[in-house]
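Colleague: coords please:
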Amino acid sequence: MVTILKKNYELSQINYTEEERKNRRMTERIKTLEKELTLEKPLRDIREILWTNIIDSINDIWSSI
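Modeller: Predicted coordinates for the structure are as follows:
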């Protein structure tokens, strides 16, 4: 009887640990998706491209002045 209880306890510990891992992975994935939804990275990339274009344009015009 005691061995059965020990085995059940160990199995429950293993299951609990696995569920905790799943929860952590899911939480990390949710955070990643939330960042993507806020458009933080795409907006930063667009700003960088715009500024690069503006600087290039200024450099082109400056040489003709």
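Colleague: Look at residue 58 and report its pLDDT.
Modeller: pLDDT, residue 58: 90.
Colleague: In terms of helices and strands, where is it?
Modeller: Secondary structure from DSSP states H and E places residue 58 in helix 40-64.
Colleague: List the buried residues in that helix.
Modeller: When burial is assessed from 16 or more other CB atoms under 10 Å, helix 40-64 yields no buried residues. Bear in mind the C-beta positions are built from the backbone N, C-alpha and C, glycine included.
Colleague: Distance from it to the middle of the chain?
Modeller: Relative to its chain's centre, helix 40-64 lies at 27 Å (CA atoms, centre = their mean, to the nearest Å).
Colleague: which secondary structure elements does it contact?
Modeller: When contacts are defined as 3 or more CB pairs under 8 Å, 6 or more residues apart in numbering; DSSP states H and E, helix 40-64 packs onto no helix or strand at all.
Colleague: biggest helix in the protein, by residue count?
Modeller: When the chain is parsed with DSSP state H, its longest helix is helix 2-37.
Colleague: mind showing which ranges of the protein have poor pLDDT?
Modeller: Applying pLDDT under 70 to the chain flags the ranges 65.
Colleague: hmm, back to that, the longest helix of the chain: which residues count as buried?
Modeller: Buried, per 16+ other CB under 10 Å, within helix 2-37: nothing.
Colleague: Distance from it to the middle of the chain?
Modeller: 19 Å.
Colleague: re the thing from before, what's next to the helix holding residue 58, contact-wise?
Modeller: By CB atoms under 8 Å, 6 or more residues apart in numbering, the surrounding residues in contact with helix 40-64 are residue 35.
Colleague: tell me the angle of that helix relative to helix 2-37?
Modeller: With axes from the mean of the first three to the mean of the last three CA atoms, to 10 degrees defining the directions, helix 40-64 sits at 30 degrees from helix 2-37.
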